[in-house]
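Asks: With the input below, show me the fold.
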Amino acid sequence: MALLNTVYQPTSAAEAAALLARPHERLALLAGGSRLIADLETRTRRDLDGVIDLSRAGLDGLELRDGAVHAGATVTFSQIIQHEIAGALAGGLLRRAAAGEGPVNLRNVATLGGVVASAETDSEVYAALLALGASVVLHDGQTEQTLPLDEVQGVPGLITAVIIPAQAAQGGLARVARTPADRPIVAALAVRTGAGERVALCGVAPRPVLLGSELAPPDDFKGSAAYRRAMIDVVVERARAEIA
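Replies: Numbering: from 1, shown residues only. Just a heads-up that it's a prediction; the model follows:
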C-alpha cells in the first residue's frame, strides 16, 4: 500500500472541507473507499500525503425534507435501496439503478458523494440522479452552494449532500450490456412528471448526460463509438415505453 503521512478524521463537513482546501497538503477524501483503497493498495495513487476519513463528519443522513430527499454524501447505495422513500422515487428508478451498479459488497460501501465525484461514464446511479433533477451541495471550506447536478462539471471542494425532488413521477430504465450482471454499454433512464420528461444517458460521453447534450462516446472493448451512437435511440425508446 502507498505510504501516507496522515489520516484525518474531521467531525463536521466544514472541518473536512477546510482540510481539503489546504494548499500545501495533497489529501484525498475517503468515504466508502471502493476506488481509493484499491488505488492505494496497488500504488496507483502515489501523489497523496494523506486522506480525510469522512466516517465521523455527519454526512450519512437520509431524510425527506421540504418535498425532497436529502441524502448525505456518505449514504451508500444499499441505504438508498432499502429506504422507503428514496428507493421508491419514480417507480423505484433510483433503487433499480443502485442495484445494477455492482454486487452487494460494492453497494454496501459505494456512496452517493463518490458516484457524483467520479462521474463514471457508465454509472446508472449518476444518470438516475440527472433524470430525477437532483442537486448537489458543495462546500469549498468557507461557504456552501447548491447546484443542479447537470451544471456540475467538476467538484470544487467537498460534496456534502445530494438533494432529490420527491415529486410524483414515473420512471423507465433500458440498457444494453454484455450480460445482465455487467455495467451497461449504453443506458437510458427516463423520468416523467406533470411538468415534462427528463432522459439521461450513460455510456455515450465522458460522464452521464441529459438527452440532447453533446456526445463523445468512448470507443473501447465493450463497444465502438458507432455502436454506442446507434444504441441511443433504441434504449431511449425502450425507457419511454416502460413508462407508457
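Asks: how about low-confidence regions in the chain?
Replies: Confidence mapping of the chain against pLDDT under 70 gives the ranges 1-4, 34-45.
Asks: Go ahead and list the helix or strand containing Gln142.
Replies: Gln142 is part of no helix or strand, with elements assigned from DSSP states H and E.
Asks: list the contacts for it?
Replies: Residues counted as contacts of Gln142 (C-beta atoms under 8 Å, 6 or more residues apart in numbering) are Ala21. Heads up, the C-betas are built off the backbone N, CA and C, glycines and all.
Asks: helix or strand for Ala200, which one?
Replies: strand 196-202.
Asks: Can you tell me the SS state at Asp182?
Replies: coil (DSSP: H, G, I helix; E, B strand; the rest coil).
Asks: So which residues of this structure form helices?
Replies: Ranges of helices in the chain, per DSSP state H, are 13-20, 36-41, 77-82, 89-99, 104-107, 112-118, 124-131, 225-243.
Asks: hey, which of those helices is tucked in deepest?
Replies: helix 124-131 (a mean of 29; mean count of other C-beta atoms under 10 Å).
Asks: and the residue sitting nearest the centre point of the chain, how far is that from Gln9?
Replies: For the chain, the residue nearest the mean C-alpha position is Val115 (3.0 Å; C-alpha atoms, centre = their mean). Plainly put, Val115 is 23 Å away from Gln9 if you go by C-beta to C-beta, to the nearest Å.
Asks: and the chain, what are its domains?
Replies: 6-56, 62-243 (automatic domain parsing).
Asks: Now find how far off-centre the last one is within its chain.
Replies: Spelled out, it's domain 62-243. 6 Å (C-alpha atoms, centre = their mean, to the nearest Å).
Asks: Hmm, Ile232 is touching Cys202, no?
Replies: No: the criterion here is C-beta atoms under 8 Å, and Ile232 misses it with Cys202 at 10.8 Å.
Asks: If anything else comes up later, I'll come back, but that's it for now.
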